[in-house]
Structures are given as structure tokens and as C-alpha cells.
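>>> Got a predicted model here, sequence first, then my questions.
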Number of protein chains: 2
Amino acid sequence: MNGKFFTLPEEKQKRIINAAYVVFADSSYQKASMSRIAAAGGISKSLLFHYFHNKKELYLYLWENINRISCEIELKYYKETTDFFEIMTRKILARCEFMRTAPDEYLFSIRALFAEPLEIREATGKSYKEVYEDAAGELLGSVDLSVFRPGIDVGMLLEEVDSYLFHSLWQMLSAGKLDPDGLERDFLKRVGQWRIAYLK
Amino acid sequence: MNGKFFTLPEEKQKRIINAAYVVFADSSYQKASMSRIAAAGGISKSLLFHYFHNKKELYLYLWENINRISCEIELKYYKETTDFFEIMTRKILARCEFMRTAPDEYLFSIRALFAEPLEIREATGKSYKEVYEDAAGELLGSVDLSVFRPGIDVGMLLEEVDSYLFHSLWQMLSAGKLDPDGLERDFLKRVGQWRIAYLK
């Protein structure tokens, strides 16, 4: 992308970025056009192409941006307690809050995970995996593992909790709408069960 | 679809269906063309359109066909034992065997779950959910629940096991190749952990 984008007044940057999130959240990568984004952001199409050389570049910028914000939100919980399930719970509550306050950004990020053009899914899948692995390493290094039953591999459990979340996100995408309240309720029920199953 | 398709010699039906699986397994719904399928199946495009009125009809026929076969394979395990984890294990081993013997069909079915046109995902998502709920009801009605720790909701556990599988399938799709050996190894490790966590 062209660094000049950041010399625009912040309000204008935000308007363009928000327009892009709304358009990409609303339709597939293929169907979302730069013309529609430019129109929604209130700039000319040629200016949009001046800042972002092509659709893929804009898309991956939006993706990295969301990834960074999500990470910041989640990582801060890792320092507050050493209780694995408490950290998971705070993480989910924060995620649900993110869904409520920035639905277009959130819907965009789910869509991006499942985006169909291979070039896009390769990029999003790769950075999702990296972020996930970094966060998992950080988490497992800081929680109290001594409270788990003997023989439990907490890394495997974490992968399963994340798979459950992943499936919930796919269900929302399939249903065509976010459901933070439903996810919150369902997750809290499961945490209770995991405590019974996994803790001494 | 046109019932006349079934009056074709069986060998010819199979050739057309297999060609369709290969083409749809290889590219997205949008990009897979009826011309390519006709060419690969050794019939004219107009004849293919005579049997299947449009691409969507052919696609959903293939999807229902795979769903039926998968169900038959999985349901038979429900009668062999009342051990929940043993049933899950046999189901996964059968799934991995299916991947090995019919990779195009299997890859097609994963792709179909994540297909991007909303009309397609709505159809595949709906029947996947129905099949899943029927199978879950059947399974929970026949396994021995008394071996689980008090307070465990086996239905929730089943959903999590299925979410883990779902995530594994998405990973294969993202990596662009099936990995039945990896899934088998990983699953067997997890079953050991689930037994420690969930059983008395």
C-alpha cells in the first residue's frame, strides 16, 4: 500500500476503512468491488487505487488490522490471572463485546477466514495460524497447569476450545448474522463442564 | 434432475458423476463449469444439461449422494458397542478410510461445506445440520451414559468432538490436501485424553 494514505486526516482514513469493512462484510471477496468501496467511502475510485494498489492489498490490510486489534484485546487477559478457564472466559466475553461494538469488522474477519479465492485464504489462514500459535505459547507459559488432572495435555484442550469457537463462527456466518449473546451463554455452560472434566 | 439419467448404463452414470466430483473438488463452485464436467465425463454439454437442468442441481445431487454414503458408513457403528469413545473412534477411522478410497468425493464434500455462494452454503449447511442432529440423537440414545462423571452433558461433548473434526477438515482444505493419516493419529491421542477427563 501507499504510505500517503496515513497522511490523510484521520477522520477520512477511518471513513474509507470503515466503508471497506462494510462492503467486504456484506459480500464475497469476488463480488465486493473497489468502485463500491470508493463510493461508500466518499472518494474517487482512482484515489482509492492510489492508496491501495489493488483489492487484495486493501483486503489484507484490513485483515492484518483486525488481527492486531483482536490480539491486543486477548493478550491483555493473559496477565490478569493464572486460571486457564478464567482467561478463556474473559477472552470470549471480550470477543462478544467486539462483535457488538464493531459488527462489520467482526463479520469481515469471519468471512476472511473462509474466503474462497485460494490466494486470499492462504494469506488469512497463514496469519491466523501464526497468531494462534503465538497466543497459545504465551498462554500455556503463564497459566497454572498444576490444577489439571494428571495426564492432561492443556495444549490439546486449548486447540479443542479454539475449534469449538471456530465452529461457532462458521455457524454465525452460515446463518448470516452474529450472535454474541448466544455464544456467551453457550460458552459459559461449557466452561462449567470443562472444569468438572479437566480439573483435579 | 431428469430421472432419465438413471436409465443410462451404470458405468456411464458413474463416469459422469465421478467427473463432476473431480471438477468440483478441484475448483470453486463458481469456477467449475458444466463444459469442463461434460468434457471430463465424455458426454456433450447439452446432454449433461438434459440430465441436470443447471449446475446447482448437479451440485446438490452430488452433495446429497455423499451425505447419504457418509451416513450409512457412520450409522452402522452405532449398533456395535455402547462405548461412546469407541464409536467416535470407529467413525473417524471409517472417515479416514473414505478419504483414502474416494479422495475427490471427500474433498468435494469439504469444499461444499465452505462454498461461498450463499444459495449453496444455505443448502449444504441445512442438510449437514439435519444429518448431524439425527445422528447425534441416535448416538446419545444408544450409548452407555452411566460411565461418565456426574454432571457431564454428553451432548455438549459430542458437539465439541464434531467441532474439532470440522476444524481439522477446514485445515485440510486450507492446506489444499487431505491428510487421513494425520487426522487418525491426532484423533487417537485426543480420545485417550477425553477418557481421562470425562469418564469416572
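Received, thanks. Numbering: from 1, shown residues only, chains lettered A, B, ... in the order given.
>>> now for whichever strand or helix holds residue A:111, which elements pack on it?
Residue A:111 belongs to helix A:103-113 when assigned by DSSP states H and E. Judged by 3 or more C-beta pairs under 8 Å, 6 or more residues apart in numbering or on different chains; DSSP states H and E, helix A:103-113 is in contact with helix A:10-26, helix A:55-75, helix A:84-101, helix A:118-142, helix A:154-175. From N, CA and C alone the C-beta is placed, and that goes for glycine too.
>>> For the first one, name the packing helices and strands.
When you say that, I think you mean helix A:10-26. helix A:34-41, helix A:55-75, helix A:103-113.
>>> Report whether the second one contacts chain B.
No - with C-beta under 8 Å from any C-beta of the partner chain as the measure, helix A:55-75 is seen stopping short of chain B, the closest distance being 14.5 Å.
>>> how big is the angle separating that helix from helix A:118-142?
10 degrees (axes from the mean of the first three to the mean of the last three C-alpha atoms, to 10 degrees).
>>> From residue A:98, how far off is the residue lying closest to residue A:169 once chain neighbours are set aside?
Counting by C-beta to C-beta, 6 or more residues apart in numbering or on different chains, residue A:169 lies nearest to residue A:110, which is 4.9 Å off, once chain neighbours are set aside. Taking C-beta to C-beta, to the nearest Å as the measure, residue A:110 and residue A:98 are separated by 12 Å.
>>> okay, the closest residue to residue A:45 other than its chain neighbours: pLDDT?
With sequence-adjacent residues excluded and distances taken as C-beta to C-beta, 6+ apart, residue A:45 is closest to residue A:38, at 4.3 Å. Note for residue A:38: predicted pLDDT of 97.
>>> Phi and psi next, for the spatially most distant residue from the centre of chain A.
Distance from the centre of chain A peaks at residue A:150, with 33.0 Å (C-alpha atoms, centre = their mean). Main-chain dihedrals, residue A:150, degrees, to the nearest 10: phi -60, psi 140.
>>> Could you tell me the per-residue confidence at it?
Looking at residue A:150, the pLDDT reads 96.
>>> Tell me who's in contact with it.
Not one residue lies near residue A:150 by C-beta atoms under 8 Å, 6 or more residues apart in numbering or on different chains.
>>> tell me the contacts of the spatially closest residue to residue A:121 that is not a sequence neighbour?
The shortest distance from residue A:121 to any residue other than its chain neighbours is 5.3 Å, reached at residue A:115 (C-beta to C-beta, 6+ apart). If you count contacts by C-beta under 8 Å, 6+ apart, residue A:115 has them with A:28, A:29, A:121, A:124, B:116.
>>> rerun that using 7 Å as the cut-off
A:29, A:121, A:124 (C-beta atoms under 7 Å, 6 or more residues apart in numbering or on different chains).
>>> Adding distance to residue A:10 and pLDDT, write those residues out as TSV.
Formatted as TSV, the contacts of residue A:115 follow (distance: C-beta to C-beta, whole Å; pLDDT from 0 to 100):
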residue	distance to residue A:10	pLDDT
A:29	27	91
A:121	32	82
A:124	26	85
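>>> now, which of these sits nearest chain B?
Chain B has its nearest neighbour among these in residue A:121, at 5.9 Å by C-beta to the nearest C-beta.
>>> quick one: the closest one and residue A:173, what's the gap?
14 Å.
>>> out of the two, which sits in the busier spot?
Shown here are residue A:121 and residue A:173; by other C-beta atoms under 10 Å in any protein chain shown, residue A:121 has more neighbours (21 against 18).
>>> just checking, the more buried one touches residue B:173?
No - look at residue A:121 against residue B:173 with C-beta atoms under 7 Å: they stay out of range, at 8.2 Å.
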